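Novice: Sequence plus the predicted model coming up.
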Amino acid sequence: MSTIIFLSFVIAFFLIMAEQFFNLLFRGYAPFISTRPQAIDKIVADLELPGKAVVYELGCGKAPLLRALSRKYPQADLIGIENEPVPYLIASIQANLAKTNIRIKRKNLFNISLADADAVYCYLNPKMMAKLEKKFLSECRNGAIVISYQFPMPELKPEKILEVGEGEKVYFYRIKK
Ligand SMILES: C[S@@+](CC[C@H](N)C(=O)[O-])C[C@H]1O[C@@H](n2cnc3c(N)ncnc32)[C@H](O)[C@@H]1O
């Protein structure tokens, strides 16, 4: 019995690793690396949102931005989107245990609607930002804010660039329609 349980864990581990490898290599998806906590603090200090804002963290990992925002905006609707099972589980457990206003969804970020977003946060990669730029322009409403850690979008001009460390930049965009 214990051998079967052990083997199930080993198989599950290899399936998860294989999926992650495939996503990184063949789909060009960003890996699971967290935004530095000091950068999160500076972004949150800089951001002014309505109290009931709808905020998405696309590819949320452990959802560091949403966790910081939940303290400042307890009435906001904070939604984390994550496709990999391990970060999804960690973020969901943390959000539930702390009884926050954060909802974590296991989805591909390219397949969700951003029509209700007041703000969107990303720490992804240049290829994903180029693809997302079209999605932001077609789905986000006028005035929505898009924030990208380290990776600018190819066409849109940032409204502001925040230096949060040595060679570490955060790009703020305002969607205009
Ligand atoms: C660089 S990490 C950033 C994590 C977190 N947002 C942060 O700032 O600490 C990128 C995350 O995006 C997730 N991701 C990559 N491609 C995705 C996709 N197509 N749909 C959903 N999540 C994705 C990865 O699994 C990873 O957890």
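Specialist: Received it, and whenever you're ready, just let me know what you need.

Novice: Roughly how far does the closest residue to the ligand within the chain sit from Pro85?
Specialist: Taking Cβ to the nearest ligand atom as the measure, the chain has Gly59 as its residue closest to the ligand, at 2.2 Å. (C-beta placed from N, C-alpha, C; glycine too.) Distance, Gly59 to Pro85, by Cβ to Cβ, to the nearest Å: 14 Å.

Novice: So which of the two has more stuff around it?
Specialist: Per other Cβ atoms under 10 Å, whichever of Gly59 and Pro85 has more neighbours is Gly59, with 23 against 14.

Novice: my guess is that one contacts Val120, does it?
Specialist: No: applying Cβ atoms under 8 Å as the test, Gly59 and Val120 come out as separate, 10.9 Å apart.

Novice: Report all helices and strands that the longest helix along the chain contacts.
Specialist: Counting residues, the longest helix found in the chain (DSSP state H) is helix 2-25. Contacts defined by 3 or more Cβ pairs under 8 Å, 6 or more residues apart in numbering; DSSP states H and E place helix 2-25 against no helix or strand at all.

Novice: chain center to it, what's the gap?
Specialist: Distance of helix 2-25 from its chain centroid, counting by Cα atoms, centre = their mean, to the nearest Å, is 24 Å.

Novice: Pull out the buried residues from the following helix or strand past it.
Specialist: Downstream of helix 2-25, the first helix or strand assigned by DSSP states H and E is helix 37-46. Across helix 37-46, burial judged by 16 or more other Cβ atoms under 10 Å covers Ala39, Ile40, Lys42, Ile43, Val44.
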